[in-house]
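1. I'd like to go over a predicted model; first the sequence, then the structure.
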Amino acid sequence: MESNQNQTRVIQYPYPKRRPFFNFVLKIGRLIKKRPIVLNRNEAFEKQAIFISNHSGASGPMNLALFFPSFFIPWGASPMVGNYFSRWKYLYYVFYQQKLGYKKARSYFIATFFALISKRLYKGMDLIPTYEDLRLVKTFRLSENFLLDNKPIFIFPEDSSKGYLDHILQYHEGFLAFSEFFFQKHGIDLPIYTVGFSKKHNKMIIEKPITLQNLYAQGMDRHQAAQHFKDLTNALVAEIKTGK
């Protein structure tokens, strides 16, 4: 039954073109990585939409970039669009040691190499930098422009200050603040598709969309809505693990 629901072969073309280097990386990645099982509960995706997902260690964004059945533009950490030292410092201290728990030596070698190619990778996928200060307005405006060009946004909103946990404890509310911004400016209540991914089981589930204004109409505030999406993500991951 599940094989009939695997939507990885039902990709809707044409997609907007990626930059040549990133297209080359995609082709290589799809040759060497095993395609995950994708259970997609949607017949089609809205082009003006937000996708959200858990990170599942370092593998989630990579697998989604390679095999997700929709084009998207991702949000990402602002240091990763900076100069080499900015990228290396973030990778070495924050991403590999703090978030993934790697030892210093391993973090050093991987960060030194990946910082060399990451700029072209992230430029190739038009990564939108995110900030924790007033520059977040830049994130919103870039996201707005992509959505108005019918290019959906992909966001990993989990609080990873204690690492990438199997069971997410909290979602940051930035994606909801952006949804409010877009609704107030354009009158469009963006559909938000929740994705659950498991590296161990090499499977993802894409749930049907929920709109923020609908949750507000049910009496939720922004914090409660963030927790609702967090709980839904955890439930999808649990479904993958139990097979139910």
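-> Happy to help now that I have it.

2. Pull out the buried positions in stretch 107-125.
-> S107, Y108, I110, A111, F114, A115, S118, K119, L121, Y122, G124, M125 (16 or more other C-beta atoms under 10 Å). Just so you know, the C-beta spots here come from the backbone N, C-alpha and C atoms, and that holds for glycine as well.

3. ok, and what's touching that stretch?
-> For stretch 107-125, the external contacting residues (C-beta atoms under 8 Å, 6 or more residues apart in numbering) are 18-23, 25, 65, 73-74, 76, 80-81, 84, 87-88, 91-92, 95-97, 102.

4. 6 Å instead?
-> With C-beta atoms under 6 Å, 6 or more residues apart in numbering as the contact definition, stretch 107-125 has outside contacts at R18, R19, F21, F22, M80, Y84, R87, W88, L91, Y92, Y96, Q97.

5. Just the buried ones from those?
-> Buried by 16+ other C-beta under 10 Å: R18, F22, M80, R87, W88, L91, Y92, Y96, Q97, out of these.

6. Looking at these, which is nearest Q170?
-> Q170 lies nearest to Q97 out of the buried ones among the contacts of stretch 107-125, by C-beta to C-beta, at 20.9 Å.

7. Do you know the pLDDT at the nearest residue to the closest one once chain neighbours are set aside?
-> Leaving out its chain neighbours, the residue that sits closest to Q97 by C-beta to C-beta, 6 or more residues apart in numbering is S107, at 5.0 Å. At S107, the model reports a pLDDT of 96.

8. Just confirm S107 is within a strand.
-> No: using DSSP: H, G, I helix; E, B strand; the rest coil, the secondary structure at S107 is helix, not a strand.

9. how much space is there between it and L91?
-> From S107 over to L91 the distance is 8 Å, taken as C-beta to C-beta, to the nearest Å.

10. How about Q224?
-> Taking C-beta to C-beta, one finds Q224 at 34 Å from L91.

11. try E46
-> From E46 to L91 the distance is 34 Å (C-beta to C-beta).

12. which other helices and strands contact the strand ranked longest in the chain?
-> Counting residues, the longest strand found in the chain (DSSP state E) is strand 191-198. In this structure, strand 191-198 makes packing contacts with strand 50-53, strand 203-206, helix 222-242, judged by 3 or more C-beta pairs under 6 Å, 6 or more residues apart in numbering; DSSP states H and E.

13. Could you list the residues in contact with that strand?
-> With contacts defined as C-beta under 6 Å, 6+ apart, strand 191-198 is touched by 46, 49-53, 56, 60, 204-207, 209-211, 229, 232-233, 236-237, 240.

14. redo that, cut-off 8 Å
-> Applying C-beta under 8 Å, 6+ apart, the contact partners of strand 191-198 are 36, 42, 45-46, 49-54, 56, 60, 63-64, 68, 175, 179, 203-212, 229, 232-237, 239-241.

15. So which of the buried residues of stretch 107-125 belong to helices?
-> Among the buried residues of stretch 107-125, the ones falling in helices (DSSP state H) are S107, Y108, I110, A111, F114, A115, S118, K119, L121, Y122, G124.

16. and which of the residues you listed is nearest to P157?
-> Taking C-beta to C-beta as the measure, P157 lies nearest Y122 of those, at 18.5 Å.

17. how about low-confidence regions in this protein?
-> Within the chain, the segments meeting pLDDT under 70 span 1-17, 244.
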